[in-house]
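S.K.: next input, structure requested:
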Amino acid sequence: MIVHVDAASPVPVFEQLRAQIERLIVSGQLAPGATLPPIRHLATDLGIARGTVNKVYEQLARDGLVRTAGRHGTVVQQAARRVGLGHSDLADAADALALVVRQLGLADEAAHRALDAALRRW
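M.R.: Residues are numbered from 1 along each chain as shown. Here you go, the predicted structure:
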């Protein structure tokens, strides 16, 4: 599972991680039955508190995307809403980006350049 967090981002680390794991599940990149990394390992890999990862896993469980299986870890459930990367997902991501741009006080042109650069990197 490839996720990352940006401590310098105005988006809280909890939300960055939750959104990325949710996207991996609902897009099918994490299939039902797949096991998420143990909380301790993921927290160490990302350099964040275990409590943050635990809260993310708990939220995903409340949303029906994963279930905790005790010593067997946290397991991906069948996604409750099976969506791809559709127009509404892109619109939501664009709204989130626009909010961050406004919060940082950046010009629209700077946001366009940053997005273009990010798309080239991926």
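S.K.: going by C-alpha atoms from here, please, whenever you check contacts or count neighbours.
M.R.: Fine.
S.K.: show me the contacts for the residue nearest the centre of the chain.
M.R.: When C-alpha atoms, centre = their mean is applied to the chain, the residue found nearest the centroid is residue 20 (1.6 Å). Residues in contact with residue 20 (C-alpha atoms under 8 Å, 6 or more residues apart in numbering) are residue 3.
S.K.: distance of it from residue 46?
M.R.: 13 Å (C-alpha to C-alpha, to the nearest Å).
S.K.: and the longest helix for the chain?
M.R.: helix 87-104 (DSSP state H).
S.K.: so which bits of that one are buried?
M.R.: Neighbour counts using 16 or more other C-alpha atoms under 10 Å place 100, 101 of helix 87-104 among the buried residues.
S.K.: residue 78: how many residues sit nearby?
M.R.: By other C-alpha atoms under 10 Å, 17 other residues sit near residue 78.
S.K.: and if you look at residue 111?
M.R.: Neighbour count of residue 111, defined by other C-alpha under 10 Å: 16.
S.K.: which SSE is it in?
M.R.: Of the helices and strands defined by DSSP states H and E, residue 111 is found in helix 108-121.
S.K.: which residues does that helix contact?
M.R.: Applying C-alpha under 8 Å, 6+ apart, the external contacts of helix 108-121 come out as residue 101.
S.K.: thank you, goodbye.
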